[in-house]
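# here's my sequence, what's the structure:
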Amino acid sequence: MATTTTPKKKASAKAAKTVQKAAPVAATEAVVYSMAGKEVSKVMLPTELFGASWKADLVHQVVTAMQANLRQNRAHTKDRSEVSGGGKKPWKQKGTGNARHGSTRSPIWRHGGITFGPRNERDYSEKINKRMRANALFSVLSRKMRDGEVLFVDELSFNAPKTAEAKKFLSALANGARADALAAKSKNGALIALSGYDLNSIKSFRNIGNVLTEEVRNLNPVDVLAHRYLIIERPQAAFKTLGARTKSKK
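As a prediction, this is how the structure comes out:
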């Protein structure tokens, strides 16, 4: 007696033959470079910082809210009560044959006030929860790490503010990490996250147009997304600083 194969069995057989693609695995360690662009060690990457999934909606919400908080409302028009003059009634109420008016500063008059114009009292700021901000930052860091756009440096040390030494460091790191765009990109090439406030390092990179320096504790999704590469100094100390934000998620 011939056996018949049900559609359910056919589907299961077909699924068994198809090879399931494995989900992308987050990197567990990364190379740490010196100022000369040489590999000096490797560092283990915390999963909570560099193993988060990409949350496009959350990142968009946080980034647009942060940009709105930076918005300065300077446009301001005067209404009829703020325009100078117009205190006297143009003509008497009746008997002239003209329409009735009480002030020459009415919006329908030339040189009068503006109706529904922009006012500087408008507030564009939006509230961002700490948990949202932290999750958005970790999502961006993880995405950049998977794209190979996060580089680690053991230490940045400048005896004095020297732009030439800063350019030499960027060129050496670009060659050592095979990040050609780091030295070639004319704008928004790299964001350098310093472990702490270092005046010599800040002044050394200040005259380089495609580089921005910021302390690790002040990292945010807007600055990280605005630059191609993220260079983190002293990764172990940086992980400890960034890890403190995970406490606000609970």
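# so the spatially most central residue of the chain, which state does it fall into?
The centre of the chain sits closest to residue 222, judged by CA atoms, centre = their mean, with a distance of 1.0 Å. On the three-state scheme (DSSP: H, G, I helix; E, B strand; the rest coil), residue 222 is labelled helix.
# just give the nearest non-adjacent residue to it, would you?
Leaving aside its chain neighbours, residue 222 sits nearest to residue 66 (5.1 Å; criterion: CB to CB, 6 or more residues apart in numbering). Heads up, the C-betas are built off the backbone N, CA and C, glycines and all.
# so how far is residue 54 from the one you found?
18 Å (CB to CB, to the nearest Å).
# between those two, which has more neighbouring residues?
Using other CB atoms under 10 Å as the criterion, residue 66 and residue 54 rank with residue 66 on top: 18 against 11.
# tell me the spacing between that one and residue 220.
7 Å.
# same question for residue 87.
From residue 87 across to residue 220, the span is 51 Å (CB to CB).
# which of the two has more residues huddled nearby?
Neighbour count, other CB under 10 Å: between residue 87 and residue 220, residue 220 has more, with 16 against 8.
# for this structure, what are the low-confidence residue spans?
Residue ranges of the chain with pLDDT under 70: 1-27, 248-250.
# can I see the domain layout of it?
26-69+126-249, 72-123 (automatic domain parsing).
# ranking those domains by burial, who's on top?
domain 26-69+126-249 (a mean of 17; mean count of other CB atoms under 10 Å).
# all helices of the protein, in order?
In the chain, the helices defined using DSSP state H lie at 7-17, 47-50, 56-69, 130-146, 163-176, 180-184, 199-206, 221-226, 235-243.
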